[in-house]
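Colleague: After the sequence you'll find the predicted model.
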Amino acid sequence: MRFPAIALGIIALACAGDPALAEEVSSTAGAAPPIAAFPATSPRPIPYLPALTGGAAFRLAGASVEPSRARHHSTVLREVVMAGAAIGAGFLLDDTIEPGSGEGSAMDNIGQFVGSPYTLGAGAVIMGLGGMATDHPHTVGTAKKILFAIATTTVTTGLLKIATDRERPDGSNAYSFPSGHSGASFATATVLDRRYHSKVVRWTAYGIATFVAASRVVGNHHFFSDVVAGAAIGRFYGRLFTMEP
């Protein structure tokens, strides 16, 4: 088992619904470009939950258009299907990408620390305080969104861990599915990506998140499907809390 294979699998499955990121991954890997792409002036598609938006207008290419209820439902359904497909593919690859024996290694220890919801949450708090001290409302807002995304992702993954009762590959407990570290890392990365719209931020944030997810497999703490599910959940909440008004 090789780290690049795990990393590429996590990126491909967890971020399959992001046209901009998928196009960059395809270009980097030498694959053919997608048949259709969103215009450069329009925001990337985001999951839409009408109950949480208060009927806010959906902005496309600078114009405000009140979306129909059917549009809301179809968008939610699309995101759910994409996440389900990614998680299903993760399960199919469990026998191919097996957990490693790197428990206690440098990669395992770094990933466990960096991807901890506590570490990421503390980083968001420091980021927010820095934004307040320098009078940068955008930075403060980003920090708040990161905290919300991490909190909801952590609660969701925690409940699923209890409900699924899947034993970890190392046999330590039955809280394997999904990976909380992967979820928190991808939630943070998604918020940073969508708030700053920078290729440097995008590749750095998703690169670190992918490293964390891969370290959980290499360290024998999770199965491949666990980290893909965590990444998909984190990405969903990251996109949810960065919806445009």
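Modeller: Great, that's in hand.
Colleague: Only C-alpha atoms from now on, for both contacts and neighbour counts.
Modeller: Noted.
Colleague: Hmm, Val217 is touching Pro99, no?
Modeller: Yes - judged on Cα atoms under 8 Å, Val217 makes contact with Pro99 at a distance of 4.9 Å.
Colleague: Show me which of those two is the more surrounded one.
Modeller: Val217 (27 against 23; other Cα atoms under 10 Å).
Colleague: So which bits of the strand or helix carrying that one are buried?
Modeller: Using DSSP states H and E, Val217 maps to helix 199-218. Neighbour-count burial for helix 199-218, with 16 or more other Cα atoms under 10 Å as criterion, is recorded at 201-202, 205-218.
Colleague: contact partners of stretch 117-137?
Modeller: 113-114, 138-144, 146-147, 150, 154, 180-181, 184-185, 188 (Cα atoms under 8 Å, 6 or more residues apart in numbering).
Colleague: Could you measure from Val140 over to Gly115?
Modeller: 21 Å (Cα to Cα, to the nearest Å).
Colleague: again with Gly90
Modeller: Distance, Gly90 to Gly115, by Cα to Cα: 20 Å.
Colleague: dump the residue contacts of Leu147.
Modeller: Here Leu147 is in contact with Gly121, Ala124, Val125 (Cα under 8 Å, 6+ apart).
Colleague: Now neighbour count too, for these, in CSV please.
Modeller: CSV is the format used below for these (neighbours: other Cα atoms under 10 Å):
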residue, neighbour count
Gly121, 22
Ala124, 22
Val125, 17
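Colleague: nearest to Glu244, of these?
Modeller: Ala124 (20.7 Å; Cα to Cα).
Colleague: That closest one in helix, strand or coil?
Modeller: Secondary structure for Ala124, judged by DSSP: H, G, I helix; E, B strand; the rest coil, is helix.
Colleague: And it, what's its pLDDT?
Modeller: We have a pLDDT of 98 for Ala124.
Colleague: For it, give its distance to Gly130.
Modeller: 10 Å.
Colleague: and if you look at Tyr196?
Modeller: Taking Cα to Cα, one finds Tyr196 at 17 Å from Gly130.
Colleague: now swap in Asp94 and tell me
Modeller: Taking Cα to Cα, one finds Asp94 at 42 Å from Gly130.
Colleague: Which stretches in the protein count as helices?
Modeller: Under the criterion DSSP state H, the chain carries helices at the ranges 3-14, 19-29, 50-53, 69-92, 106-114, 117-133, 137-164, 180-196, 199-218, 224-240.
Colleague: Since that was my last question, I'll sign off now.
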